[in-house]
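Visitor: With the sequence up front, the predicted model follows.
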Amino acid sequence: MRAFLNVNLDYMKDNYLFLKEKAKKDIIAVVKSNAYGHGLVECAKLFSSLGVKMLAVATFEEAIVIRKNLISTPILLFEPSEDFNILYSYRITLAVSSIEYLQKLADTRIPFSIHLELETGFNRLGIEPKQIQKAIDIINNSRLNLKGIFTHFADKNKFDSQRIEFENTIKSFDINALIIHTSSSYFISEDLPYTNAVRIGLYLYGISGELVELKPCLQCYCPIYRVKEISEKETIGYDQVGVAQHNGYVVTVPLGYSDGWNSRRKTIAYQDDYLPQIGKTCMDYMMFFSRTPLDISKPLEIIGPNIKVLDLAKLYNISPHEVLATLSPRLKRNYFRR
């Protein structure tokens, strides 16, 4: 047995229903990056059963996997793809973030459903305000079906200028029949009366430092393969770069960079302490140093009730999204209800 994940689908359902009530708008469930590590297909099935407005994915492959699992909920694909015939046959709604891609879609003469992304200050992707009329002209002279407009806010604490820019720009469109949506989870409580939907990712999976009602859905546990007594100055691992600073124990666990636990994560929580990594991270294993022997019969809690994703993000100085999204598909996921 290797490291494994437990995913509570009832908690995910509770989160969805709570957020829908709080937002009082339609939810676009973001299931990209393997549903933030929770498992694309199972999460897409759950949200679909709950009547979610749309599922949002990053890649062509994610969209096709959902459709091949007989999930008929509308899908919004963020990244541009030119597999035009397949996209249309699978009824994928395309996010359009540049005039160039919009023109390519128009030139196909295929009646794609599209959502336009507007640039409001994130400065990553989006149709710029000066390009709006050109975008409208391209759509009006094509077979494309404009179904939605969206933007991406950059900063949860300073988004007023983006909000105003978005509100002013969408006045160029007849928005009555469109899905108007913003992100991210942080903005579900904001007064954005011109929107009728919100894209939510991290909060659906229960990761929030603000909404205590949300329930983390994922736990990660790892068995201990070996606890070996070592002496001070003894070397451990590849290139013998790991050197014991004291007498103690090297604890080997089946969790490595192929599992998504990369070499920057140099400590692991254990009870009320943190065990430091010793030696290099391996593809399939990591080694940690302990002053005392560990009980090999009990798996280590990597993520769970006592070790929160937000705590790990702070410990490793990374985003909580990264903690979850890097969890490898090869980790076994066990799905359960309450």
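Guide: That came through, no problem.

Visitor: Report the contact partners of Ile86.
Guide: Phe60, Ile64 (CB atoms under 8 Å, 6 or more residues apart in numbering). Just so you know, the C-beta spots here come from the backbone N, C-alpha and C atoms, and that holds for glycine as well.

Visitor: likewise the one 10 residues further on?
Guide: Shown in contact with Val96 (CB under 8 Å, 6+ apart): Pro80, Leu102, Leu105, Ile114, His115, Leu116, Glu117, Ile127.

Visitor: Let's see that with 10 Å instead.
Guide: By CB atoms under 10 Å, 6 or more residues apart in numbering, the contact set of Val96 is 80, 102-106, 112, 114-117, 125-127, 135, 138-139, 144, 146.

Visitor: what pairs with it across the strands?
Guide: Per DSSP bridges, the residues bridged to Val96 are Leu116.

Visitor: Could you report the pLDDT at it?
Guide: The score at Val96 is 96. That number is its pLDDT.

Visitor: From Leu76, how far out is it?
Guide: From Val96 over to Leu76 the distance is 11 Å, taken as CB to CB, to the nearest Å.

Visitor: for Ala95, same thing?
Guide: Taking CB to CB, one finds Ala95 at 6 Å from Leu76.

Visitor: what sits in contact with each of these two?
Guide: Residues touching both Ala95 and Leu76 (CB under 10 Å, 6+ apart): Ala56, Val57, Ile114, His115, Gly148, Phe150.

Visitor: Filter these down to the ones in strands?
Guide: Using DSSP state E, Ala56, Val57, Ile114, His115, Gly148, Phe150 are the members of the shared contacts of Ala95 and Leu76 that sit in strands.

Visitor: hang on, the earlier thing: need the residues touching each of Val96 and Leu76.
Guide: By the contact definition CB under 10 Å, 6+ apart, Val96 and Leu76 are jointly contacted by Ile114, His115.

Visitor: which stretches of this protein form helices?
Guide: 9-23, 32-36, 40-49, 60-68, 84-89, 99-108, 132-140, 160-169, 309-316, 320-325 (DSSP state H).

Visitor: mind listing what Glu62 touches?
Guide: Glu62 makes contact with 31-35, 40-41, 44, 55-56, 75, 77-79, according to CB under 10 Å, 6+ apart.

Visitor: what is the mean pLDDT for stretch 243-258?
Guide: For stretch 243-258, the mean per-residue pLDDT is 91.

Visitor: Stretch 320-327 too?
Guide: 93.

Visitor: CA atoms of that stretch as PDB?
Guide: The C-alpha coordinates for stretch 320-327 follow below in PDB (Å, rounded to 0.1, in the frame of the first residue of the first chain):
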ATOM      1  CA  PRO A 320      -3.200  26.000  -1.200                       C
ATOM      2  CA  HIS A 321      -4.200  25.400  -4.800                       C
ATOM      3  CA  GLU A 322      -0.700  24.000  -5.400                       C
ATOM      4  CA  VAL A 323      -0.900  21.700  -2.400                       C
ATOM      5  CA  LEU A 324      -4.000  20.000  -3.900                       C
ATOM      6  CA  ALA A 325      -3.500  20.300  -7.600                       C
ATOM      7  CA  THR A 326      -0.100  18.600  -7.600                       C
ATOM      8  CA  LEU A 327      -1.400  15.500  -6.000                       C
END
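
Visitor: Distance to Asn334 for the helices of the chain - can I get that in a markdown table?
Guide: A markdown table is the format used below for the helices of the chain (distance: least, CB to CB, whole Å):
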| stretch | distance to Asn334 |
| --- | --- |
| helix 9-23 | 11 |
| helix 32-36 | 15 |
| helix 40-49 | 10 |
| helix 60-68 | 20 |
| helix 84-89 | 32 |
| helix 99-108 | 40 |
| helix 132-140 | 46 |
| helix 160-169 | 40 |
| helix 309-316 | 18 |
| helix 320-325 | 16 |
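
Visitor: which one of the ones you listed is the most hemmed in?
Guide: Mean neighbour count (mean count of other CB atoms under 10 Å) peaks for helix 32-36 among these, with a mean of 23.

Visitor: Relative to the whole chain's centre, how far out is it?
Guide: 5 Å (CA atoms, centre = their mean, to the nearest Å).

Visitor: Does Gly242 touch Val250 like I think?
Guide: Yes - using CB atoms under 10 Å, Gly242 makes contact with Val250 at a distance of 8.2 Å.
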